[in-house]
Every structure is written in structure tokens, then in C-alpha cells.
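[1] Compute the structure for the input listed below.
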Amino acid sequence: MFKIVLFPIDYSREAREAAEVVVDIVQKYGSRLVLLSVVEQPTTEAQNEDAMSSPETVAQLLENAKALFLQHGISAEAIEREGKAAFTICDVADEIQANLIVMGCRGLGLTEEGSHDSVTNRVINLSPCPVLIVP
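    Model prediction:
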């Protein structure tokens, strides 16, 4: 059913919690797991705050995630891309012909203003495949 699972990751608590769900899905369906981390160009306001703007930090995150999944007997592929997170996630899902995207939800979009800015919301609207959001 889910031959290829795409798991976009960052340093958020929600991504760590979603990893448990990814383990269950990949083991249950014998899926191929692809990890994705997006290096975003920092805006002037968030220049020093966003750890995901450093390619070195992103590379280390992907290595740590691969090691975590390997502990569960899951071999994961890692992709690092540069761009806007939501668009890049959907582009990669299309490229690898993912059957499922699993994402943690940071709770953005709970207000009228935040709903349009949420990466999760954008992925849901643009995705070429089903998206599972782990609260």
C-alpha cells in the first residue's frame, strides 16, 4: 500500500514524535523510507534563529535520523535540498513517486492568520500523494 514513504524532518519535537509513526508504517508495509531535510535561506528576521539554514546542520540531522531508523532495522535514504520547505517536500514526493508523506504538525494554522503560512497546510494542499499529519 505504501511502497515509498517520504518523511520530511527538522529539529522539532513534532518531527521526533512523528518518527515513531514512521517506524510503525515502514515496518508494517515493508516500505522504502526516504528522509528529506530542506535547507531554507533565512529571512532577515530569522537569520540567526533557524538552524535549518545551515547545510552542515541539516547533513548532521539526516545522519542522526538514519542512525535512529537503523536501530529499528530500517534502512533509510536521505535527501537534502535547498528551497522553500512546502514546495520542496511536494517536488521530492513527486520525483520519488512517494505513496505517503508523514509529517509532524507544529500546531501552526490554528488561527486564521497562521493557516495560510503553515508548511503543513501548504503540503496538504500541494501534495501529489496522501499526507499523514502526526499531531
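[2] so who does I96 touch?
    Contacts for I96 (Cβ atoms under 8 Å, 6 or more residues apart in numbering) come out as I4, L6, V34, I79. (Each C-beta comes from the backbone N, C-alpha and C, glycine too.)
[3] Let me have the residues you listed in CSV, extended by secondary structure.
    Converted to CSV, those look like this (DSSP: H, G, I helix; E, B strand; the rest coil):
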residue, secondary structure
I4, strand
L6, strand
V34, strand
I79, strand
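[4] for the residues you listed, which one is nearest P130?
    L6 (10.8 Å; Cβ to Cβ).
[5] Poorly predicted segments of the protein, please.
    42-53, 106-117 (pLDDT under 70).
[6] before we move on, back to that, highest neighbour count among the contacts of I96?
    L6 (29 neighbours; other Cβ atoms under 10 Å).
[7] surely that residue meets V102?
    Yes: here L6 reaches V102: they are 7.4 Å apart, a contact under Cβ atoms under 8 Å.
[8] Show me where this structure has its strands.
    Taking DSSP state E to define them, one finds strands in the chain at 4-8, 32-39, 76-82, 100-104, 131-134.
[9] any chance of those in CSV, with distance to V22 too?
    Below are the strands of the chain laid out as CSV (distance: least, Cβ to Cβ, whole Å):
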stretch, distance to V22
strand 4-8, 5
strand 32-39, 7
strand 76-82, 9
strand 100-104, 5
strand 131-134, 9
